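Trainee: Okay, structure incoming, though there's no sequence with it:
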């Protein structure tokens, strides 16, 4: 949890698409791993291990989430229509 916070503290790293995407994936994977480590030793006992099908289930749910988000976003208009300050907002550069 500390690494994404420390990496994303500076303004240039928050504006880098690759850095933000990588940190988001790291946080989601870390959250999943945290829940996995908390819940799986109970049903499986002391000799539990991370198997390929559990990673496949995680990848399947992540793929389903990305598919649903991308298809929903592709149907919506992401640029506001008839906004009076649209051109100025597109050309805006912050320091």
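Mentor: Yes, it's here. All values reported here derive from a predicted model rather than from experimental measurement.
Trainee: helix or strand right after the helix or strand hosting residue 60?
Mentor: Following DSSP states H and E, one finds residue 60 within helix 52-75. Sequence order places helix 86-91 as the next helix or strand after helix 52-75, per DSSP H and E.
Trainee: now stretch 5-16, how far from the chain's geometric center?
Mentor: 15 Å (Cα atoms, centre = their mean, to the nearest Å).
Trainee: Quick one: end-to-end length of that stretch, please.
Mentor: 15 Å (Cα to Cα, to the nearest Å).
Trainee: Give the rounded mean pLDDT of that stretch.
Mentor: For stretch 5-16, the mean pLDDT works out to 87.
Trainee: What residues sit buried inside that stretch?
Mentor: Within stretch 5-16, the residues that qualify as buried by neighbour count (16 or more other Cβ atoms under 10 Å) are residue 8. Backbone N, C-alpha and C define where each C-beta goes, glycine included.
Trainee: Identify the residues contacting that stretch?
Mentor: 19-20, 23 (Cβ atoms under 8 Å, 6 or more residues apart in numbering).
Trainee: ok, back up a step: so which elements touch the helix holding residue 60?
Mentor: Packing partners of helix 52-75 (3 or more Cβ pairs under 8 Å, 6 or more residues apart in numbering; DSSP states H and E): helix 17-39.
Trainee: Next secondary structure after the helix it packs on?
Mentor: helix 41-44.
Trainee: Pull out the buried residues from that next one.
Mentor: Within helix 41-44, no residue is scored as buried using 16+ other Cβ under 10 Å.
Trainee: Compute the inter-axis angle for the helix holding residue 60 and helix 17-39.
Mentor: With axes from the mean of the first three to the mean of the last three Cα atoms, to 10 degrees defining the directions, helix 52-75 sits at 140 degrees from helix 17-39.
Trainee: distance from the centroid: which residue in the protein tops it?
Mentor: residue 84 (32.3 Å; Cα atoms, centre = their mean).
Trainee: I appreciate the help and will end here.
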